[in-house]
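Undergrad: What would the 3D arrangement of this be:
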Amino acid sequence: MYEESEYVELKRELTTDIKKEIIAFANTNGGTIYVGVDDDGKITGLEKPQADLEAISGMIREGIKSDLTLYTKIYIEQVENKKIIIVKIISGPNKPYYLSDKGLKSNGVFLRHGVASVPATDEIIKKLLSENRKDRFEVQECLNQDLNLKYMNELFSNKNIDTTESKIKTLNIKSLNNKFTNLGLLLSDECPYTIKCAIYNGKNKIEFRDRKEFTGSILKQINDVSEFLELLNKTSGKIVGLERIDTRDYPEYALRETLLNAVIHRDYNFTGSILVHIFEDRIEVVSLGGLVNGINMNDIFIGVSESRNPNLANIFFRLKYVESFGTGIGRIIESYEGYEKEPIIISSDNAFLVTLHNINYKEEKQKVLPSNLSQEEQLIDYLKKYNKISRIIVEQILNVSKTRANDILGQMVNKKIIAKQGTGKSINYVLK
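TA: Numbering: from 1, shown residues only. The predicted structure follows:
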């Protein structure tokens, strides 16, 4: 009936080691401890169950930090005419939990690994502290105090948002001791974080058509990128009966909400840029930082909202860019209702990817090049359309090996039909 596992610990009798087991379950995924049960699952029972229960309660209150009282349940149960104690522990929200007399050291912090409770390494302790710290990035004092809020002030003024010193502190743009916070850094003209957009020819990343990096206040970046994407979001029309129906390539709500989510919920402890990849059949938006600790994808789909940067989210709410409820992801999906492909939403430990499909994109059948064109003529024809070509493209067009592609390109260079540009992996060829 009873068997030790990742979530179950058996103890013949009560010892102070039970604190380590409780800490390990609280720091990992929770679990249950049965006291009065032998390692082989045999019920041995306890001589003084009430006294042992009180002792366990005292150990939890006084021997473990932070307080686990609300996240544990202790009770006596009679099994096979013998009394045992059951201790249920859920994964706590204030990790890492540790022995009061040992502190935040390897001999004080424990994790559940298989059927054992093992000491946590210093690296894991730091990670747990980072994930659950109260001083979030956005409320920490900024290292750069020479910030300019020109763009933010102009935008706030247009939106009738107060920019007095007291209001700036209320919004947590400055701390109570009048120092800029990291939220102030994000909103300032000196914001070091950027959004990078890349447009590709076709459906893969083989060939760039254009690329652009947006800088300045995160508020300016949002507006600039939105305008940029709006220009690319073409309208296609079709006649149904006597009526013309126009459809944008991407639902406007889905495009805007995806971008806002990437900015509001990203992890600014990472310095990389938000990436927007634009293909002919889809747009991919990648932001750093996975889901907030304790939230999973199912929570997101049913509308649970837990922001990594609540003060930044509050700014966007006041600007009426977003709603206060966790409806964003659900409405992105709803905006594609009735269309062939739904948005794809993927979360890893350190990144979040949203893929929006082009509603108006139609798969084209592979065009067959005229058989009377030579290999060189096929490449010239491509260059007339797209201005430049790479060795990889040559391989695909002519269905030849890397070596043969290089030979053909070399011959065309020697004949002065084309010219070579760039170095290394950036080499391209253009018509002379």
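Undergrad: so residue 247 bridges to which residues?
TA: Per DSSP bridges, the residues bridged to residue 247 are residue 236.
Undergrad: what about it, how many residues close to it?
TA: Counted with other CB atoms under 10 Å, residues neighbouring residue 247 total 14. Placement of C-beta: from N, CA and C, glycine included.
Undergrad: Can you verify my assumption that it contacts residue 360?
TA: Yes - the pair residue 247 / residue 360 is scored as a contact, 6.1 Å apart, by CB atoms under 8 Å.
Undergrad: what touches both of these two?
TA: residue 236 (CB atoms under 8 Å, 6 or more residues apart in numbering).
Undergrad: how about residue 286, what does it touch?
TA: Counting by CB under 8 Å, 6+ apart, residue 286 has contacts 262, 274-277, 351-353.
Undergrad: Sorry, wrong one. I was asking about residue 81.
TA: Applying CB under 8 Å, 6+ apart, no residues contact residue 81.
Undergrad: just the strands in the stretch 51-200 of the chain please.
TA: Ranges of strands within the stretch 51-200 of the chain are 64-65, 72-79, 82-89, 98-99, 110-113, 116-119, 195-200, based on DSSP state E, counting those that start in this stretch.
Undergrad: make that the stretch 251-400 of the chain, sorry
TA: 274-278, 282-288, 344-347, 351-357, 388-389.
Undergrad: Mind exporting the C-alpha coordinates of the first one to CSV?
TA: Written as CSV, here are the backbone C-alpha positions of strand 274-278 (Å, rounded to 0.1, in the frame of the first residue of the first chain):
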residue,chain,number,x,y,z
ILE,A,274,12.6,41.0,-28.6
LEU,A,275,12.7,39.5,-32.1
VAL,A,276,10.0,39.8,-34.8
HIS,A,277,10.6,37.5,-37.8
ILE,A,278,8.4,38.3,-40.8
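Undergrad: what's in contact with it?
TA: 193-200, 205, 225, 229, 232, 259, 262-263, 266, 283-288.
Undergrad: One more pass at 7 Å, please.
TA: 195-200, 225, 232, 262-263, 266, 283-287 (CB atoms under 7 Å, 6 or more residues apart in numbering).
Undergrad: Give the rounded mean pLDDT of it.
TA: Strand 274-278 shows a mean pLDDT of 96.
Undergrad: ok, that strand: who's next to it in the sheet?
TA: When DSSP bridges is applied, strand 274-278 pairs with strand 195-200 (parallel), strand 282-288 (antiparallel).
Undergrad: For residue 375, which of these is the nearest?
TA: strand 195-200 (24.9 Å; CB to CB).
Undergrad: I'd like the next helix or strand past the closest one.
TA: Proceeding N to C from strand 195-200, the next assigned helix or strand is strand 208-214, under DSSP states H and E.
Undergrad: tell me the angle of that next one relative to strand 274-278?
TA: Interaxial angle, strand 208-214 versus strand 274-278 (axes from the mean of the first three to the mean of the last three CA atoms, to 10 degrees): 150 degrees.
Undergrad: Low-confidence bits of the chain, can you list those?
TA: 130-135, 237-244, 293-295, 298-299, 302-306, 324-327, 363-371, 424-426 (pLDDT under 70).
Undergrad: domains for it, by residue range?
TA: 8-132, 137-187, 195-357, 375-431 (automatic domain parsing).
Undergrad: how close does the nearest residue to residue 115 once chain neighbours are set aside get to residue 46?
TA: Using CB to CB, 6 or more residues apart in numbering and skipping residues adjacent in sequence, the residue nearest residue 115 is residue 4, 4.5 Å away. Distance of residue 4 to residue 46, computed by CB to CB, to the nearest Å: 18 Å.
Undergrad: No further queries at this time; thank you.
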